[in-house]
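>>> 3D, please:
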Amino acid sequence: MNAFKLASNVGFVIFAFGVAVAIYGFSFLLEQNDLEANAEKVKGTVIEMVQNGPMYLSPMVRFTTLDGKEITFKSDLDLNKSLTPYFVGQEVDIIYHKDNPYNAKIDTFIENNFGQLFLGFFGVFLMIFGLIFRKMMLRNAEKY
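Modelled structure (predicted):
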């Protein structure tokens, strides 16, 4: 067995890692679908912009549930300081799970879909890259 044939196994590992990443991204989609199926929608207010590292901010949001409970949460999405559309005092739409109001998000496309889109595309990229790498190494193994 030559070195290229042995190296082609790395392509298989990259492919398998891509499958795992894509499946993990799919779990975000399932969570989002559950949230939307059991959602309550209210208005909330950005009360603070929390700094996450030197370049990123996340909004801290406070809202009141339909049954009168006040909830405060930090958005999971970190945004670049210069690109964030949020500011303190801004009113935002909130979606929260009716059985667990601490499972809440700002109701925007990017907040609701970033995790599954990023991980899904990255997983597919890794799968394609792994297949191409494996094919290239196997082709080189045939030459030698």
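
>>> Could I get the buried residue list for stretch 72-79?
Residues 73, 75, 77, 79 are the ones in stretch 72-79 that count as buried (16 or more other Cβ atoms under 10 Å). Using the backbone N, CA and C atoms, a C-beta is placed for each residue, glycine as well.

>>> For it, C-alpha coordinates in CSV please.
Coordinates of each C-alpha in stretch 72-79 appear next as CSV, following Å, rounded to 0.1, in the frame of the first residue of the first chain:
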residue,chain,number,x,y,z
THR,A,72,-34.5,38.4,30.7
PHE,A,73,-32.2,36.6,28.2
LYS,A,74,-29.1,37.1,26.2
SER,A,75,-29.3,36.4,22.5
ASP,A,76,-27.2,33.4,21.3
LEU,A,77,-26.1,35.3,18.2
ASP,A,78,-22.9,37.4,18.6
LEU,A,79,-22.8,40.2,16.1
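
>>> Any idea how far it is from the middle of the chain?
Distance of stretch 72-79 from the chain centroid (Cα atoms, centre = their mean, to the nearest Å) equals 12 Å.

>>> Could you report the neighbour count for the nearest residue to His97 once chain neighbours are set aside?
In space, not counting the residues next to it along the chain, His97 is nearest to Asn103; the distance is 4.1 Å by Cβ to Cβ, 6 or more residues apart in numbering. For Asn103, the neighbour count with other Cβ atoms under 10 Å is 17.
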